[in-house]
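> Here is my input; please provide its structure:
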Amino acid sequence: IRTVEMHTGGGPLRIIESGYPEIVGETILKKRAYVRDNLDHLRKFLMFEPRGHSDMYGALPVTPDHRDADCAFLFLHNEGYSTMCGHAMIALGRYCVDKKLVNYQEPETKVNIQCPCGLVEVFVSCSNGTSDAVRFFSVPAFAYKVGLDINVPEYGNVTVDISYGGAYYIILPISSVGLAFGKTSITDIKVAAKAIKKTCMENIKIDHPGDLDLAFFYGVILTDGNDVNYSVPSANIVEFANEQIDRSPCGSGVTARMALMFAKNQIKLGERKTISNFLTKSSFTGVVTKVVDSEMGKVVVEVCGNAYYTGTCCFTAEENDPQQLGFLVK
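Okay, here's the model as predicted:
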């Protein structure tokens, strides 16, 4: 299996170029289900050790079914298949331009990428034949539940918000569970996030107005609490899938945070917020660009960032290799 390797803000992206068998399904969600049910050994082969690691992330191109899409991708991680990935959008924007999957234009080239959550418009800065910074416009994002009180074992009563940015995130200040950036280990962050997600899954029922396949808790966003003033940068750590820690600020997470801040009147249309990953210090900017459904509180968020190439790979397996299908050490 041949891949192109990239990263966005430190978040890896393994783009699968060849080696997969035919992927069956009339829609992208049916393709996602087919890959999950029939080809999951290949996800483990590429995401798990010794070829990957517990925080690896992948993108698998499939044939789009949206009439306006230039291309379509499924997303792979340590647990399965997500519905949206912002750091992947930023990397894939450059990739699609550089691979000439769309017609190159200056100063920006537009790429319409179909994701399991919907069509995402991506704009790639272009100059002198090269690609650079990328911005994308989210699918409709919205605050789903605001100010929910839950009791998390070993952490006590905690107030959380739930917001959708292509996937559902549980959002709360890290101080709510007695932790602090710079003073807390990644292990402690994973333990807290896992407990929070488990409590929410057991006590909060979620749905999605578009498709039930999108109705699941994907991640937990622990923030520094700097949400009120848009001009003050904010840091966060995002845990998703199976205790996977995002190295980037998390594009769909930034989308969810912006939709939530807008719903809580902490930001207004056009006010740009910088959100960084506390570990890597990489940052994205987000801005709510328009309201698409005032009754549901749905908004479109623009997220901007940079992605970089790190190499290419050709992955193989020998028949007598007892670890040929991969394993995880966390």
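
> how about the strands of the stretch 201-330 of the chain, start to end?
With DSSP state E, counting those that start in this stretch as the criterion, the stretch 201-330 of the chain has strands at 217-223, 234-240, 244-245, 273-277, 283-293, 298-305, 307-314.

> Isn't residue 43 up against residue 58?
Yes: the criterion here is CB atoms under 8 Å, and residue 43 meets it with residue 58 at 7.3 Å. Every residue, glycine included, has its C-beta placed from N, CA and C.

> Now for those two: what residues contact both?
Overlap of the contact sets of residue 43 and residue 58 (by CB atoms under 8 Å, 6 or more residues apart in numbering) consists of residue 76.

> buried ones in the helix or strand encompassing residue 114?
Element membership for residue 114, per DSSP states H and E: strand 108-115. Neighbour-count burial for strand 108-115, counted by 16 or more other CB atoms under 10 Å, picks out 108-109, 111-115.

> how about the CA coordinates for that strand, as PDB?
This file holds the C-alpha atoms of strand 108-115, laid out as PDB (Å, rounded to 0.1, in the frame of the first residue of the first chain):
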ATOM      1  CA  GLU A 108      -6.700  30.600  -4.500                       C
ATOM      2  CA  THR A 109      -7.700  27.200  -5.800                       C
ATOM      3  CA  LYS A 110     -11.000  25.900  -4.700                       C
ATOM      4  CA  VAL A 111     -11.400  22.200  -3.900                       C
ATOM      5  CA  ASN A 112     -14.800  20.600  -3.000                       C
ATOM      6  CA  ILE A 113     -14.100  17.600  -0.700                       C
ATOM      7  CA  GLN A 114     -16.900  15.300   0.200                       C
ATOM      8  CA  CYS A 115     -16.600  13.900   3.700                       C
END
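
> So which elements touch the following helix or strand past it?
Tracing the chain C-terminally past strand 108-115 and defining elements by DSSP H and E, one meets strand 118-127 next. Contacts defined by 3 or more CB pairs under 8 Å, 6 or more residues apart in numbering; DSSP states H and E place strand 118-127 against helix 86-98, strand 108-115, strand 130-137.

> where's the spatially closest residue to residue 98 that is not a sequence neighbour relative to residue 12, distance?
Leaving out its chain neighbours, the residue that sits closest to residue 98 by CB to CB, 6 or more residues apart in numbering is residue 131, at 5.7 Å. Distance, residue 131 to residue 12, using CB to CB, to the nearest Å: 19 Å.

> Same question for residue 168.
Noted for residue 168: a distance of 23 Å to residue 12, by CB to CB.

> Same check on residue 323?
Separation of residue 323 from residue 12 (CB to CB) stands at 20 Å.

> between these two, who's got more neighbours?
Shown here are residue 323 and residue 12; by other CB atoms under 10 Å, residue 12 has more neighbours (21 against 11).

> Bridged to the more buried one, which residues?
residue 7 (DSSP bridges).

> so it makes contact with residue 57?
Yes: using CB under 8 Å, residue 12 is in contact with residue 57, at 5.5 Å.

> Identify each buried residue in the lengthiest helix in the chain, please.
As assigned by DSSP state H, the longest helix anywhere in the chain is helix 186-203. Neighbour-count burial for helix 186-203, counted by 16+ other CB under 10 Å, picks out 189-193, 195-197, 199-200.

> again, but for stretch 65-73
By 16+ other CB under 10 Å, the buried positions in stretch 65-73 come out as 69-73.

> which ones are touching the residue nearest the centre of the chain?
By CA atoms, centre = their mean, the chain has its centre lying nearest to residue 85, at 2.9 Å. Neighbouring residues of residue 85 by CB under 8 Å, 6+ apart: 57, 59, 75, 115, 166, 251-252.

> just to revisit the earlier point, mean confidence for the strand holding residue 114?
Averaging pLDDT along strand 108-115 yields 98.

> Mind listing residues that contact stretch 186-194?
Here stretch 186-194 makes contact (CB under 8 Å, 6+ apart) with 155, 174, 177, 179, 219-220, 222, 237, 239, 243, 245, 279.

> which of those lies closest to residue 81?
Nearest to residue 81 among the contacts of stretch 186-194 is residue 219, at 14.1 Å by CB to CB.

> tell me the contacts of the residue lying closest to the closest one once chain neighbours are set aside?
Closest residue to residue 219 apart from its sequence neighbours, by CB to CB, 6+ apart: residue 240 at 3.3 Å. Residue 240 is in contact with 77, 82, 167, 218-220, 246, 250, counting by CB under 8 Å, 6+ apart.

> what does residue 28 give?
Going by CB under 8 Å, 6+ apart, residue 28 touches 62, 64-66, 72, 74, 114-116.

> measure the nearest residue to residue 86 once chain neighbours are set aside to residue 299 for me?
Using CB to CB, 6+ apart and skipping the chain neighbours, the partner closest in space to residue 86 is residue 251 (1.2 Å). Separation of residue 251 from residue 299 (CB to CB): 15 Å.
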